[in-house]
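**Q** Generate a structure from the sequence data that follows.
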Amino acid sequence: MPRFTLDLRLTPDEFLPYYRGEVQTVRARSVEGLVVEFPARLLQRFLTPEGICGRFVLTCDDAFRHARLERVGPPGAGGAGSAGSDRV
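**A** The predicted structure is shown next:
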């Protein structure tokens, strides 16, 4: 099953269009250097008053469907994977 590691940092204001449903897909660069897209609804449970910040693992089936997102810790060094400017 494909797995992608993402360091995500979004302020509450940056996440608002996703939360409202105005933007439904998140596009982010994985720490492996690949650009991945996934449903924004997967991030809603990780939203805090400070926004969304952390290292996440996106797992999907071999057809790249049925995505699961899991927070695995604080974001790594280097800032790779910010989703703020890559939204669709």
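**Q** does Phe64 really touch Pro2, like I thought?
**A** Yes - the pair Phe64 / Pro2 is scored as a contact, 6.5 Å apart, by CB atoms under 8 Å. Bear in mind the C-beta positions are built from the backbone N, C-alpha and C, glycine included.
**Q** Roughly how far does Thr25 sit from Pro49?
**A** To Pro49, Thr25 is 24 Å away according to CB to CB, to the nearest Å.
**Q** Show me which of the two is the more surrounded one.
**A** Ranked by neighbour count (other CB atoms under 10 Å), Thr25 and Pro49 place Thr25 first, with 12 against 5.
**Q** Thought Ala40 was touching the more buried one, still the case?
**A** Yes - counting by CB under 8 Å, Thr25 does reach Ala40; the two are 6.4 Å apart.
**Q** which residue packs closest to Gly54, ignoring adjacent ones?
**A** Spatial nearest neighbour of Gly54, excluding adjacent residues (CB to CB, 6 or more residues apart in numbering): Arg71 at 4.8 Å.
**Q** so the one you found is in which element?
**A** Element membership for Arg71 (DSSP states H and E) is strand 68-73.
**Q** And that strand, what's buried?
**A** Leu69 (16 or more other CB atoms under 10 Å).
**Q** Which neighbours in the sheet does that strand have, and how are they oriented?
**A** Sheet pairing for strand 68-73, assigned by DSSP bridges, gives strand 52-59 (antiparallel).
**Q** Doesn't Leu16 belong to a helix?
**A** Yes - assignment of Leu16 by DSSP: H, G, I helix; E, B strand; the rest coil places it within a helix.
**Q** distance of it from Val23?
**A** Using CB to CB, Leu16 is found at 9 Å from Val23.
**Q** Check Asp7 too.
**A** Distance from Asp7 to Val23, by CB to CB: 20 Å.
**Q** could you pull out the strands for the protein?
**A** 3-10, 25-29, 35-39, 52-59, 68-73 (DSSP state E).
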